[in-house]
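> I need the structure of the sequence given here:
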Amino acid sequence: MTRRELLALGAGAGAFCATHSPLLSAPSAPTAPVAIARCRTYNNDELVAAMTTMFDQLGGLGRIVRNKTVTVKLNLTGSPALKFQGKPLGVTHYSHPNMVAAFAYLLDRAGAKRIRFVESCWATAGPLEEYMLDSGWNVRKLVAAASNVEFENTNALGKGKKYSRLKTAGGGYIYPSIHVNHAYEDTDVFVSMAKLKNHATCGVTLAMKNCFGNTPASIYGDDAGEDEPNENPTSGRGSTCHAGKRQPAKIAAPELDPTSPREPGYRMPRITVDVFSARPVDIALIDGIETIAGGEGPWVKNIRYVTPHVLIAGTNAVTTDTVATAVMGYDPRAARGTPPFVNCDNTLTLAEARGLGTTDLNRIEVVGLKISEATYRFG
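Okay, the predicted model is just below:
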């Protein structure tokens, strides 16, 4: 090789590096789209029309659910006895029964083989159907909305023979794996149906934070067994997950670092990412038609009833939550100390750091309403 040939080769290599080096910033391809729709009531026809349009904009519901088992995690947080201003639970902090029935109808029409609704019901391992009845639901109407509908209270072993152990992304922030009811593994498609709400500890509670409730109280609850699960839990997860005062039952993996901060604002965002990463969401569906601002339920002071009149959906929970946070009037990448993450670390950016999705609005394709058209300031 002559010196001239060597120089020419070096110039070519330099040109290649200039255009292909991973150290150089280049525009990234857009992520899966997030749909926003205007929906003013829980009227069945309006719900079905709005959601049909949204899923068509996302590429069609059938391509995701046809001939598959679909598990839908509801948001029924707190006791059914706790109401805000005497309003029905579904217009404040619970999933609305009409929203659930309309979605079941759409899943059935799209060819879902089996539809399973799940939730870790507050302080009980009893049947989910009974919990729904206590919450004022017409369960027969829900069953009639689609064929082959099932229910599972995932607060304990339920109808399964054993718990499922699911590994967390990147080895986990708090837990290397999570033990959950079989329903979260025994499914083809997992849906997180959330409310558009603030959260007293985590700032916002959307599709990702809704997955915090995947953890069974039988293992992660205040009265969980020391060695084996307590199959009749009657408490929440404050001691284990929120404050870290105890480890989960020994059937599950202990914390990676028992000396890490015990502060809820540190722990809960990280546990949320761990649980969500262990059972990723295939469809994130967020109800912002009627809801509350200022907290996740009536036990939080200074909450208020609000009517954003929007629905938000996507196939990546991080990007969907990012858009939803922006619709609430916040910066999705805000640092701790900035609303809505005043007293906590940002769950969204923690998930992004694990490679679970982007929080960069410039990389997220929004279809339907623009964020500016849908914005309803929760602050």
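
> pLDDT weak spots in this protein?
Applying pLDDT under 70 to the chain picks out residues 1-30.

> now the helices for the stretch 151-300 of the chain?
Ranges of helices within the stretch 151-300 of the chain are 207-210, 217-220, 264-278, based on DSSP state H, counting those that start in this stretch.

> would CSV of these with mean neighbour count and distance to residue 343 be doable?
Every residue, glycine included, has its C-beta placed from N, CA and C. Converted to CSV, the helices of the stretch 151-300 of the chain look like this (neighbours: other Cβ atoms under 10 Å; distance: least, Cβ to Cβ, whole Å):
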stretch, mean neighbour count, distance to residue 343
helix 207-210, 28, 15
helix 217-220, 28, 22
helix 264-278, 25, 5
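
> Of these, which is nearest residue 84?
helix 207-210 (18.7 Å; Cβ to Cβ).

> other SSEs contacting whichever strand or helix holds residue 349?
Using DSSP states H and E, residue 349 sits in helix 347-353. Secondary-structure packing of helix 347-353 (3 or more Cβ pairs under 8 Å, 6 or more residues apart in numbering; DSSP states H and E): helix 207-210, helix 264-278, helix 317-327.

> would you list the helices of the stretch 151-300 of the chain in TSV and tack on distance to residue 377?
Converted to TSV, those look like this (distance: least, Cβ to Cβ, whole Å):
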stretch	distance to residue 377
helix 207-210	20
helix 217-220	34
helix 264-278	22
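
> and residue 186, which of these is closest to it?
Per Cβ to Cβ, nearest to residue 186 of these: helix 264-278, 14.4 Å.

> got the contact list for the closest one?
Where contact means Cβ atoms under 8 Å, 6 or more residues apart in numbering, the residues beyond helix 264-278 that reach it are 166-170, 172-175, 177-178, 180, 201-202, 208-209, 211-212, 214-215, 241-244, 260-261, 317, 336, 343-347, 350-351, 354, 356.

> Go again with 7 Å.
166-169, 172-175, 177-178, 201-202, 208-209, 211-212, 214-215, 241-244, 317, 343-347, 350-351, 354, 356 (Cβ atoms under 7 Å, 6 or more residues apart in numbering).

> Now restrict those to buried residues only.
The neighbour count (16 or more other Cβ atoms under 10 Å) marks 166, 168-169, 172-175, 177-178, 201-202, 208-209, 211-212, 214-215, 241-242, 244, 317, 344-347, 350-351, 354, 356 as buried among these.

> what about residue 95, neighbour count?
27 (other Cβ atoms under 10 Å).

> Could you do residue 41 as well?
If we define neighbours as other Cβ under 10 Å, then residue 41 has 12 of them.

> For it, give me phi and psi.
Backbone torsions for residue 41, taken as degrees, to the nearest 10, come to phi -140, psi 170.

> Quick check: closest non-adjacent residue to it.
Of all residues not flanking residue 41 in the chain, residue 289 sits nearest, at 7.1 Å (Cβ to Cβ, 6 or more residues apart in numbering).

> quick one: the one you found and residue 46 touch, right?
No: counting by Cβ atoms under 7 Å, residue 289 does not reach residue 46; the two are 9.2 Å apart.

> shared neighbours of those two, which are they?
residue 39.

> more crowded one of the two?
For residue 289 versus residue 46, neighbours defined as other Cβ under 10 Å are more numerous around residue 289 (24 against 17).

> Now do stretch 297-304: distance from first to last residue.
10 Å (Cα to Cα, to the nearest Å).

> Chain neighbours aside, what residue packs nearest to residue 243?
residue 262 (5.8 Å).

> give me the number of residues near the one you found?
12.

> same question, residue 379
Neighbours of residue 379 (other Cβ under 10 Å): 10.

> residue contacts, it?
Applying Cβ under 7 Å, 6+ apart to residue 379 gives the contacts 329-330, 339.

> any idea which of those has the most stuff around it?
Most neighbours among the contacts of residue 379, by other Cβ under 10 Å: residue 330, with 22 neighbours.

> So residue 112 is in contact with residue 62, correct?
No: Residue 112 is beyond contact range of residue 62, at 9.0 Å (criterion: Cβ under 7 Å).

> Comparing these two, which shows the higher neighbour count?
Using other Cβ under 10 Å as the criterion, residue 112 and residue 62 rank with residue 112 on top: 26 against 15.

> Make CSV out of the helices and strands packed on helix 347-353 and add distance to residue 155.
CSV is the format used below for the helices and strands packed on helix 347-353 (distance: least, Cβ to Cβ, whole Å):
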stretch, distance to residue 155
helix 207-210, 15
helix 264-278, 14
helix 317-327, 22
